[in-house]
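[1] here you go, sequence then predicted model.
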Amino acid sequence: MNCTELLARTLYAEAGTRPVRAIEALAALAVNRARAAMPRPARTPGAAPFAPGGHARLPEPGQHELGIACRDPFLFPSHNPRNAAHALLAAPPPGDPALAVCRRVAARALAGALPDPTRGATHWHPAESLPAWAVAREAVAEIAGLVFYRLEMGERPASPAAPVLVAAA
């Protein structure tokens with residue numbers, strides 16, 4: 001399966017029933033996550049921030065990096081075979097218009113033509129649930145029933161075994 005189809009099926013399984021804005025936001029999140037996992041390029045001394053060799057612009061993730069981000073079962077639960085949405089990922093119904101929308105969004109994301117409404121988010125969850133790692137975090141965006149967070153890649157989300165103090169008395 002090529003990267004465009006992998007991203008499209010991931011989007012379909014995770015947000016296929018949601019508005020197009022949610023699908024686009026999830027695609028932007030996948031690109032952000034792939035970009036954050038890439039090694040930082042060496043900075044050329046004296047280079048202007050956005051010039052080649054400058055430190056402010058990261059390289060765009062390729063198909064390989066985006067494929068790795070899409071297959072992460074903790075980022076996209078539909079890649080876990082025990083998840084109910086895994087069946088939609090593995091064998092989507094043919095001719096579904098929502099899958100066609102997801103394919104168009106995935107192609108735009110891979111071409112770099114998709115704006116990022118999540119403001120650099122790297123983590124997400126549906127608004128109907130609140131995972132333990134999100135309790136002490138501030139969301140950067142909520143788009144069509146999906147909540148987005150920007151966590152540094154070295155930062156670990158809170159876990160139930162190590163609770164985070166939410167408010168001091």
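    Good, I have the coordinates. Residues are numbered from 1 along each chain as shown.
[2] so how far is the least confident helix or strand in the chain by mean pLDDT from its chain's centroid?
    Using mean pLDDT, DSSP states H and E, helix 63-70 stands out as the lowest-scoring helix or strand of the chain, at a mean of 88. With CA atoms, centre = their mean, to the nearest Å as the basis, helix 63-70 stands 11 Å off its chain's centre.
[3] counting by contacts, list what it packs against.
    Applying 3 or more CB pairs under 8 Å, 6 or more residues apart in numbering; DSSP states H and E, one finds that helix 63-70 contacts helix 3-15, helix 20-37, helix 97-111. Just so you know, the C-beta spots here come from the backbone N, C-alpha and C atoms, and that holds for glycine as well.
[4] let me know the angle separating the second one from helix 3-15.
    To tie it back to what came earlier, the one meant is helix 20-37. Counting by axes from the mean of the first three to the mean of the last three CA atoms, to 10 degrees, helix 20-37 points 120 degrees away from the direction of helix 3-15.
[5] model confidence over helix 20-37, on average?
    Confidence over helix 20-37 (mean pLDDT, whole number) is 93.
[6] export the least confident helix or strand of the chain as PDB, just CAs?
    Extracted in PDB, the C-alpha atoms of helix 63-70 (Å, rounded to 0.1, in the frame of the first residue of the first chain):
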ATOM      1  CA  GLN A  63       6.600   9.300   2.300                       C
ATOM      2  CA  HIS A  64       8.700   7.100   4.500                       C
ATOM      3  CA  GLU A  65       8.400   9.300   7.600                       C
ATOM      4  CA  LEU A  66       4.700   9.900   7.100                       C
ATOM      5  CA  GLY A  67       4.100   6.200   6.700                       C
ATOM      6  CA  ILE A  68       5.900   5.500  10.000                       C
ATOM      7  CA  ALA A  69       3.700   8.200  11.700                       C
ATOM      8  CA  CYS A  70       0.500   6.700  10.200                       C
END
